[in-house]
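**Q** how does the following fold in three dimensions:
(2 chains)
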Protein chains: 2
Amino acid sequence: MTPIITAFEDSPDEGQGQARDMRVRWAFEEVGQPYDVRLVSFAAMKEPAHLALHPFGQIPTYEEDDLALFESGAIVLRIADTHPGLLPTNDAARARAIGWIFAALNTVEPPIVEHEAAEYLEADQPWQAEHMALVEKRIRTRLGELSLRLGDADWLDGDFSAGDLMMVMVLRRLNGSAILADHPTLAAYVRRGEARPAFRRAFDAQRAVFTRRHPDAGRD
Amino acid sequence: MTPIITAFEDSPDEGQGQARDMRVRWAFEEVGQPYDVRLVSFAAMKEPAHLALHPFGQIPTYEEDDLALFESGAIVLRIADTHPGLLPTNDAARARAIGWIFAALNTVEPPIVEHEAAEYLEADQPWQAEHMALVEKRIRTRLGELSLRLGDADWLDGDFSAGDLMMVMVLRRLNGSAILADHPTLAAYVRRGEARPAFRRAFDAQRAVFTRRHPDAGRD
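**A** The predicted structure follows:
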């Protein structure tokens, strides 16, 4: 069967390619695997049918034959594991590429998500700016370290891999922010990822969901 | 060769089994793979030799033959991938177990780490308590959802797997906190994990590093 993923019916990112189904769409496009999308509303995400697929009531989910998965990292790894193109065939290089998926999700992303959470959850707090500045400092430490490791290479470890896909997705949450712009090596790395034809196809497909629903906002 | 991991020379957790080498030690013990440990100081973790192994200057790292890895999730998955015992042999069940590793690290752990970060990084802030209360609420939401999924099962999906290992490690960061105690299903799940002989061996080995360095503090 064609795999089915879930995505926001009305994404809070307004078509900027930030919702996490983008990671999965991009992986499918890189390996040339067609997929179907089922859109879910915020209300439906918290209902039993969706919670059976995703215990934390989020998107994306992934269904193929007798397998259902959640967590974008697990889904991208599954796609990479079952199709050529996103992981090296050399055993050690494959393990390192998978390592970068974890580094993106467990070391680089958490303070970035925290910065976003502070932005919308603490808007009423007089200490919001002070807190965001502390979190920003932690993000900058991580980005400095990552920038040193990347150096002048195109990708984190040899050819483009699922590890780069995830790291680019995590870093581009900072698109438009000085935090990313102040690390030109990483900003260029993100642009390199975004320039891949598979990224563009995934981005356009995700954006089309938004523009169909908001035809006026869709003009850019 | 016997794999070598790195661990804190002087762990900030004071022998409570919270430092992340514990995850890797536990995985080794579950599959019966001997390992060596190289202790590193905080200063050495930020020096070039260690940064070559771990670009973010942390522990644990993992070295075997021609492979070096960092990120506890990647290392545990590597151990599980190359030894029987931590992942189901059925393909779909294996993918779901790996999914739980990602859920532990990218969905459940981040707010818990944030709560800890607020505790030590924001101690001078008059708004620390308010911020921690907001983060606690996010943790409680996740724990409520996880508790519902676990139900009255012993483990998250069939037999104990690397996904349970990681989830237990993430949840037990809350040991001693009312946040965990208020979710008795999960508190019992953590105790089930901690009761495994492999966990005990890993815990004792990690604790021995601390008690050798702090013989007085080691008495309990």
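
**Q** what are the boundaries of the helices in chain A?
**A** A:21-31, A:42-45, A:48-53, A:72-82, A:91-102, A:109-121, A:128-150, A:162-171, A:178-181, A:184-194, A:197-213 (DSSP state H).

**Q** put together JSON lines for the ones you listed, with distance to B:Ala27 on each row.
**A** In short, each C-beta sits where N, CA and C put it, glycine included. Listed next are the helices of chain A as JSON lines, based on distance: least, Cβ to Cβ, whole Å:
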{"stretch": "helix A:21-31", "distance to B:Ala27": "26"}
{"stretch": "helix A:42-45", "distance to B:Ala27": "33"}
{"stretch": "helix A:48-53", "distance to B:Ala27": "28"}
{"stretch": "helix A:72-82", "distance to B:Ala27": "18"}
{"stretch": "helix A:91-102", "distance to B:Ala27": "14"}
{"stretch": "helix A:109-121", "distance to B:Ala27": "22"}
{"stretch": "helix A:128-150", "distance to B:Ala27": "25"}
{"stretch": "helix A:162-171", "distance to B:Ala27": "21"}
{"stretch": "helix A:178-181", "distance to B:Ala27": "35"}
{"stretch": "helix A:184-194", "distance to B:Ala27": "31"}
{"stretch": "helix A:197-213", "distance to B:Ala27": "34"}
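
**Q** which one of those helices lies closest to B:Met1?
**A** helix A:91-102 (13.4 Å; Cβ to Cβ).

**Q** the closest one vs chain B: in contact?
**A** Yes: using Cβ under 8 Å from any Cβ of the partner chain, helix A:91-102 reaches chain B at A:Asp91, A:Ala92, A:Ala95, A:Arg96, A:Ile98, A:Gly99, A:Ile101, A:Phe102.

**Q** quick one: A:Gln58 from A:Ile112, how far?
**A** 17 Å (Cβ to Cβ, to the nearest Å).

**Q** the two: which has the busier surroundings?
**A** A:Ile112 (23 against 20; other Cβ atoms under 10 Å in any protein chain shown).

**Q** what sits against that one?
**A** A:Ile139, A:Val170, A:Leu171, A:Arg173, A:Leu174 (Cβ atoms under 8 Å, 6 or more residues apart in numbering or on different chains).

**Q** surely A:Arg149 and B:Pro55 touch.
**A** Yes: between A:Arg149 and B:Pro55 there is a contact under Cβ atoms under 8 Å: 3.8 Å.

**Q** give the residue farthest from the middle of chain A.
**A** A:Pro126 (30.8 Å; Cα atoms, centre = their mean).

**Q** how about the nearest residue to that one, chain neighbours excluded?
**A** Once flanking residues are discounted, A:Pro126 sits nearest to B:Trp127: 7.7 Å by Cβ to Cβ, 6 or more residues apart in numbering or on different chains.

**Q** any stretches of chain A with poor pLDDT?
**A** In the predicted model, chain A carries pLDDT under 70 at residues A:218-220.

**Q** mind running it again at 50?
**A** A:218 (pLDDT under 50).

**Q** how does chain A divide up, domain by domain?
**A** A:4-85+A:198-213, A:91-196 (automatic domain parsing).

**Q** the first one vs chain B: in contact?
**A** Pointing back at domain A:4-85+A:198-213 there. Yes: judged by Cβ under 8 Å from any Cβ, domain A:4-85+A:198-213 and chain B are in contact via A:51, A:55-58, A:65-74, A:77-78, A:81.

**Q** got a PyMOL select line for the buried ones in the residues you listed?
**A** Here is the PyMOL selection string for the buried members of these, based on 16 or more other Cβ atoms under 10 Å in any protein chain shown:
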select buried, chain A and resi 55+56+57+58+67+68+69+70+71+72+73+74+77+78+81
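
**Q** that older thread, let's see if you can find the most crowded of the residues of helix A:91-102 next to chain B.
**A** A:Ile101 (32 neighbours).

**Q** for it, give me its contacts.
**A** Counting by Cβ under 8 Å, 6+ apart, A:Ile101 has contacts A:Gly73, A:Val76, A:Leu77, A:Ala162, A:Gly163, A:Met166, B:Ala74.

**Q** what's the closest non-adjacent residue to it?
**A** A:Met166 (4.7 Å).

**Q** quick check: that neighbour vs chain B, distance?
**A** Using Cβ to the nearest Cβ, to the nearest Å, one obtains 10 Å as the distance from A:Met166 to chain B.

**Q** my guess is A:Val24 meets A:Ile5, correct?
**A** Yes: here A:Val24 reaches A:Ile5: they are 5.4 Å apart, a contact under Cβ under 8 Å.

**Q** shared neighbours, these two?
**A** With Cβ under 8 Å, 6+ apart as the test, A:Val24 and A:Ile5 both reach A:Tyr35, A:Pro60, A:Tyr62, A:Ile75.
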